[in-house]
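Visitor: Pasting the sequence and the predicted model now:
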Number of protein chains: 2
Amino acid sequence: MQEILDASPKSDWRTLDPDRTLYLQVPAGRVVIELAPTFAPEHVANIRTLAKESYWDGLSVIRSQDNYVAQWGDPTDDDKSQTKKPIGSAKPKLPAEFERKATGVPFVRLPDSDGWAPEVGFSEGFPAARDPRTDTAWLAHCYGMVGAGRDVAADSSDGTSLYAVTGQSPRMLDRNITLVGRVVQGIELLSVLPRGTGALGFYEDPKQYVPITAKLASQVPEAERTQIELLRTDSKTFETVVESRRNRRDEWYKRPAGHIDLCNVPLPVRKIVTPN
Amino acid sequence: MQEILDASPKSDWRTLDPDRTLYLQVPAGRVVIELAPTFAPEHVANIRTLAKESYWDGLSVIRSQDNYVAQWGDPTDDDKSQTKKPIGSAKPKLPAEFERKATGVPFVRLPDSDGWAPEVGFSEGFPAARDPRTDTAWLAHCYGMVGAGRDVAADSSDGTSLYAVTGQSPRMLDRNITLVGRVVQGIELLSVLPRGTGALGFYEDPKQYVPITAKLASQVPEAERTQIELLRTDSKTFETVVESRRNRRDEWYKRPAGHIDLCNVPLPVRKIVTPN
């Protein structure tokens, strides 16, 4: 794969928009999350407000369930007896943004079959799915995807409680909860967190909470921003990467699979390469 | 799911055969691995010999690659200048056991489509796949599955270096490497290990190695064995569990998926329940 990436034109790479990039800081380092306003405009707007008003500063990762998700937010969220942290000028109520109209959404379709959706592929860098019959498109729960926790009501998420997928793609969550973006760097800082011993992997002892802060990249001085670029999923190079993974031709592989699952496609990220 | 399991007859559960159960001890606790002699008889025989002769005692987890595998064995394995730990009476060479004849192998097929194989399902508790056209069956690389590391030659694994899947199912490895079993308890002790910073997630500094020992359950006094039982994958209860996951009917889910991926099927394990 490195050879394919090394041969790629600079124009096949894009940088992150600092206004839709969230830096989640955990003790071990920075987790970089690209937000997906095309799919979750209201949630992303709220997350931007929450970040600007330092909502997450002093809150924690409160859940780590093996082979599933790590989740952060207000530890008092599920405890009706406790006062929740005020959300400032963020909206207290958002619509469910489980899917949207497909027409007008860029979509690079994979030819590979998928059991969960009629069509799968990539949209603006995110793993996504589509149903031409209903003209709907949605983001897919692959490793590293970030969503907004909710209660039983479909429209009960406000973006304050977020989770990142740290296990086998839980695609059954697709169209059941609002995905808001994807970890593009630092997922391993979340995936190694000790698993919670409570139900659903919640930490039972507040001493286990992992302290966080979160900011938009645009709130951070330019020199302190994470300097990475992402391979465009609508580029020829990306198509070549996918095919090189669908049919591994290196000496080690004895039987190319002839197939790739949406969530096995790597999404290449690298330090920004400055052309000479 | 708990309700379904609570209602299951005791006969739907099975205990582990101590002669084909490997206890991998890491500092955080015991990882319990069920071996799969039906699919990898030669590898399992060698692993049993290695365990009985304490081969792994004093060796280490040497690799942890995010969203992929944790691997343990002899740290000097890839360094030709160093003397490898002697393997005692274990065989130095084994055949590749990537697949086997399907006829005669128990197989409970899932009706769900799969992009990687013509048929998928469960065989003696293990996620597996089958091709009726070629009459072959093989184990599938789902979360927690354990395989035998190899070099470029297909028959270069000897069972000394083992890995467990700790990320999105790398099904492209199916039929490219020998799977030998599955972690049935304690995978979270491996999945949280710090990721190695070397190529492929190998630990670069020997100080990062995680010390291990490994024994067959049969080498451990009965009172010290892990007292668990596993839901039979050929039971009616298991079928009910799978369907309850394929179409989630609880209040939280707004749209049952109508599909389940082989590697999203939970394999229920519980403490041995003694009937009153």
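Guide: Right, received. Where do you want to start?
Visitor: make it CA atoms for all contacts and neighbour counts henceforth
Guide: OK.
Visitor: So A:Val120 is in contact with A:Ala128, correct?
Guide: Yes - taking CA atoms under 8 Å as the definition, A:Val120 is a contact partner of A:Ala128 at 5.8 Å.
Visitor: So these two - more neighbours on which side?
Guide: A:Val120 (28 against 25; other CA atoms under 10 Å in any protein chain shown).
Visitor: so what's the more buried one bridging to?
Guide: Under DSSP bridges, the beta-bridge partners of A:Val120 are A:Ala129.
Visitor: The residue nearest to A:Val69 when sequence neighbours are not counted: neighbour count?
Guide: Counting by CA to CA, 6 or more residues apart in numbering or on different chains, A:Val165 is the residue found nearest to A:Val69 once chain neighbours are left out, at 4.4 Å. For A:Val165, the neighbour count with other CA under 10 Å is 26.
Visitor: List the contacts of A:Val165.
Guide: A:Tyr68, A:Val69, A:Ala70, A:His141, A:Cys142, A:Tyr143, A:Gly144, A:Met145, A:Val146 (CA atoms under 8 Å, 6 or more residues apart in numbering or on different chains).
Visitor: Just those residues: which are in strands?
Guide: Among those, DSSP state E puts A:Val69, A:Ala70, A:Met145, A:Val146 in strands.
Visitor: Of those residues, which is the most crowded?
Guide: Counting by other CA under 10 Å, top hit in the ones in strands among the contacts of A:Val165: A:Ala70 with 29 neighbours.
Visitor: Does that one touch A:Leu189 like I think?
Guide: No - the pair formed by A:Ala70 and A:Leu189 falls short of the contact definition of CA under 8 Å, at 10.2 Å.
Visitor: still on that earlier bit, okay, the contacts of A:Val165 in JSON lines with pLDDT next?
Guide: Shown next, in JSON lines, are those (pLDDT from 0 to 100):
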{"residue": "A:Tyr68", "pLDDT": "98"}
{"residue": "A:Val69", "pLDDT": "98"}
{"residue": "A:Ala70", "pLDDT": "98"}
{"residue": "A:His141", "pLDDT": "98"}
{"residue": "A:Cys142", "pLDDT": "98"}
{"residue": "A:Tyr143", "pLDDT": "98"}
{"residue": "A:Gly144", "pLDDT": "98"}
{"residue": "A:Met145", "pLDDT": "98"}
{"residue": "A:Val146", "pLDDT": "99"}
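Visitor: Identify, from the residues you listed, the entry nearest to A:Leu59.
Guide: Nearest to A:Leu59 among the contacts of A:Val165 is A:Ala70, at 14.0 Å by CA to CA.
Visitor: for the nearest residue to the closest one once chain neighbours are set aside, what are its contacts?
Guide: Nearest non-adjacent residue to A:Ala70, counting by CA to CA, 6+ apart: A:Ser64, 4.3 Å away. Applying CA under 8 Å, 6+ apart to A:Ser64 gives the contacts A:Ala70, A:Gln71, A:Leu193, A:Pro194, A:Arg195, A:Gly196, A:Gly201, A:Phe202, A:Tyr203.
Visitor: Going by neighbour count, which of those residues comes out on top?
Guide: A:Ala70 (29 neighbours).
Visitor: residue boundaries of the helices in the stretch 101-250 of chain A?
Guide: Ranges of helices within the stretch 101-250 of chain A are A:187-191, A:236-246, based on DSSP state H, counting those that start in this stretch.
Visitor: what sits against A:Pro132?
Guide: A:Ala102, A:Pro118.
Visitor: So the residue nearest to A:Gly147 when sequence neighbours are not counted versus chain B, what's the distance?
Guide: Distance criterion CA to CA, 6+ apart; nearest residue to A:Gly147, sequence neighbours excluded, is A:Leu179 at 3.9 Å. Remark: distance between A:Leu179 and chain B (CA to the nearest CA, to the nearest Å) = 15 Å.
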